[in-house]
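A.B. asks: A structural model of the following input is requested.
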Amino acid sequence: MELAFFYFYVGWGVVIAGTIWLSWRIYKNYQKEKQKIDEIKLQEQRKMEFYNKPLLEKLELLQVNDILVHWNNNYQVIGKSKLIEMTWDEYDNHIATGRYFPIICLDQNRYLVSMPKGEGIDIVWFFMEKEPLSFSLTPFFEGTDENPGPAMIFADSEQTAYVTFQLPGKTEKWQMTDIGSFFFEGQGTTFMRGKGEVRHVLAQSTENPKRYMLFFDVIEGNGTDTLLVGENINPEMEIEYVLR
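C.D. replies: Below is the predicted model of the structure:
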């Protein structure tokens, strides 16, 4: 009789323990499913917030794998950099101002590039293609003390001189429009990765005012000197969609 009671209570203990374990498993599974649903809802909410933003804000928020549609052509974002404006302190040290300009690396060697327009707050955008370089253009743009290059001549005039040039081995004629330096940060597949500092030369075609060339000289950090050629664009008129 006592043995029967023993097995009776043991059986109930097993049932109770099993019920508690099953309830715990059901609760944990519910938590996991709820977390998944909440994450999906949060992602959808962020997507809607992204889609409701003005186009120029979307371009600043583009991420790797997003899709950009330009003149009915789809381009995938494979990398992203930003040029960070710098100034100098009283000891002549470079310091960031907090203002930055995105460079979006797309497939097919295309780049959507933003640059400051003069000394004001306006930004100018370019849709450009990477040109092959067999050697750095830095010596050409700098030149020497005896024979200064176009960038050096332009710098010595405080960027006011009318300076034209042709790239080595090329016939197209360009006019200097801007030179300067930026800090940079880059991620994904792009010619500037991590953090560093870069100089640039921007020039406009003397024959086609919409056509520009942009040379980047990476002077600190992980990157490759790069020549981009393309056109000045109005993103709000020429970029049809940004998809995430």
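
A.B. asks: Where do the helices of this structure begin and end?
C.D. replies: Secondary structure of the chain, counting by DSSP state H: helices at 2-51, 55-61, 138-142, 150-156, 235-238.

A.B. asks: right, so of those, which gets closest to P102?
C.D. replies: For P102, the closest of these is helix 55-61, at 5.4 Å, according to C-beta to C-beta. Quick note: C-beta positions are derived from backbone N, CA and C, even for glycine.

A.B. asks: Which strands or helices does the closest one pack on?
C.D. replies: Helices and strands touching helix 55-61, by 3 or more C-beta pairs under 8 Å, 6 or more residues apart in numbering; DSSP states H and E, are helix 2-51, strand 94-106, helix 235-238, strand 239-243.

A.B. asks: pLDDT of the third one, averaged?
C.D. replies: Taken as a whole, helix 235-238 carries a mean pLDDT of 91.

A.B. asks: which outside residues touch that helix?
C.D. replies: 55-56, 59, 70-71, 112, 125, 127 (C-beta atoms under 8 Å, 6 or more residues apart in numbering).

A.B. asks: Try it again at 10 Å.
C.D. replies: 54-56, 58-59, 68, 70-71, 112, 114, 123, 125, 127, 231, 242 (C-beta atoms under 10 Å, 6 or more residues apart in numbering).

A.B. asks: export it as PDB, just CAs?
C.D. replies: C-alpha atoms of helix 235-238 as PDB (Å, rounded to 0.1, in the frame of the first residue of the first chain):
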ATOM      1  CA  PRO A 235      19.500  64.000 -58.200                       C
ATOM      2  CA  GLU A 236      15.900  65.000 -57.600                       C
ATOM      3  CA  MET A 237      15.200  65.000 -61.300                       C
ATOM      4  CA  GLU A 238      17.500  62.200 -62.500                       C
END
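
A.B. asks: Ranking the helices of the chain by mean neighbour count, which comes first?
C.D. replies: Highest mean neighbour count of the helices of the chain: helix 150-156, a mean of 19 (counted as mean count of other C-beta atoms under 10 Å).

A.B. asks: Ignoring the adjacent residues along the chain, who's closest to I104?
C.D. replies: L112 (4.1 Å; C-beta to C-beta, 6 or more residues apart in numbering).

A.B. asks: next one: T138
C.D. replies: Here the residue nearest T138, using C-beta to C-beta, 6+ apart, is D217, at 4.9 Å.

A.B. asks: doesn't H200 make contact with that neighbour?
C.D. replies: Yes - counting by C-beta atoms under 10 Å, D217 touches H200, with 7.3 Å between them.

A.B. asks: Over to E158: give its phi and psi.
C.D. replies: phi 60, psi 40 (degrees, to the nearest 10).

A.B. asks: What separation is there between it and L214?
C.D. replies: Noted for E158: a distance of 21 Å to L214, by C-beta to C-beta, to the nearest Å.

A.B. asks: P102 too?
C.D. replies: Counting by C-beta to C-beta, the gap from P102 to L214 is 14 Å.

A.B. asks: Which residue of the two possesses the greater neighbour count?
C.D. replies: Applying other C-beta atoms under 10 Å to P102 and L214 shows that L214 carries more neighbours, namely 21 against 18.
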